[in-house]
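**Q** The amino acid sequence is not available; the structure is as follows:
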């Protein structure tokens, strides 16, 4: 039998250190994790646990000080910034706590942004963006600016923007942190549906109730993985 296919994400002895000398701070300590395609994983930890550093590395927003990060079998650990930007745009859909929408731009134009960076023709960008907004149930709000939308609606636009490039990975950083309880439940149901459709989701959170909606929970403490198992 041949070797098993590589995981979507493979971290091999990944560490991250900031500063130098007496000012050196270690944020991650030899983290080794594999996440396969189609998984729904929550990464949990309190403030200072290293989860934000891990999120930045998984999202190719930062690079490890040591170890290797393979994304779909490609080592992205030491790529040049232009190459990392291309990986982020093609392979990773981001959802942030603060939504990160362009304020004076319509919902549909916000969703089109990653496609514009990829150089797609306007007609194709519009077709895909309309489809993503429809999947999230907010097609009727396509021409509204973020200030005209509720927090829950803004986060739906952000998720539509994350989906529009059909990425390999959806990386959600505290996605319910600015939402009320009703919108939080709606957002978690959206992630559950996306997982059922085969999407790979990595959700960063400090809230056990949010992590419980994932299928697997990885817990960090002092930069180390202290638990990794089923959320059920």
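**A** Thanks, I have the structure now. What you see is a predicted model, and the numbers here were worked out from it, not measured in a lab.
**Q** Secondary structure element holding the residue sitting nearest the centre point of the chain?
**A** Among the residues of the chain, the one closest to the centroid is residue 171, at 0.9 Å (CA atoms, centre = their mean). Element membership of residue 171 [criterion: DSSP states H and E] is strand 169-173.
**Q** what mean pLDDT does that strand have?
**A** Averaged over strand 169-173, pLDDT sits at 96.
**Q** which helices and strands does it pack with?
**A** helix 51-58, strand 92-96, helix 151-163, strand 201-205 (3 or more CB pairs under 8 Å, 6 or more residues apart in numbering; DSSP states H and E). C-beta coordinates here come from the backbone N, C-alpha and C atoms, glycine included.
**Q** what bridges to the residue nearest to the centre of the chain?
**A** residue 94, residue 202 (DSSP bridges).
**Q** Test my guess that it contacts residue 202.
**A** Yes: here residue 171 reaches residue 202: they are 5.3 Å apart, a contact under CB atoms under 8 Å.
**Q** Identify the contacts common to the two.
**A** Common contact partners of residue 171 and residue 202 (CB atoms under 8 Å, 6 or more residues apart in numbering): 55, 58.
**Q** so the longest helix along the chain versus strand 169-173, what angle?
**A** What stands out as the longest helix in the chain, according to DSSP state H, is helix 181-196. Counting by axes from the mean of the first three to the mean of the last three CA atoms, to 10 degrees, helix 181-196 lies at 160 degrees to strand 169-173.
**Q** Let me see the mean pLDDT of helix 181-196.
**A** Per-residue scores along helix 181-196 average to 94.
**Q** again, but for stretch 216-232
**A** Rounded mean pLDDT across stretch 216-232 is 92.
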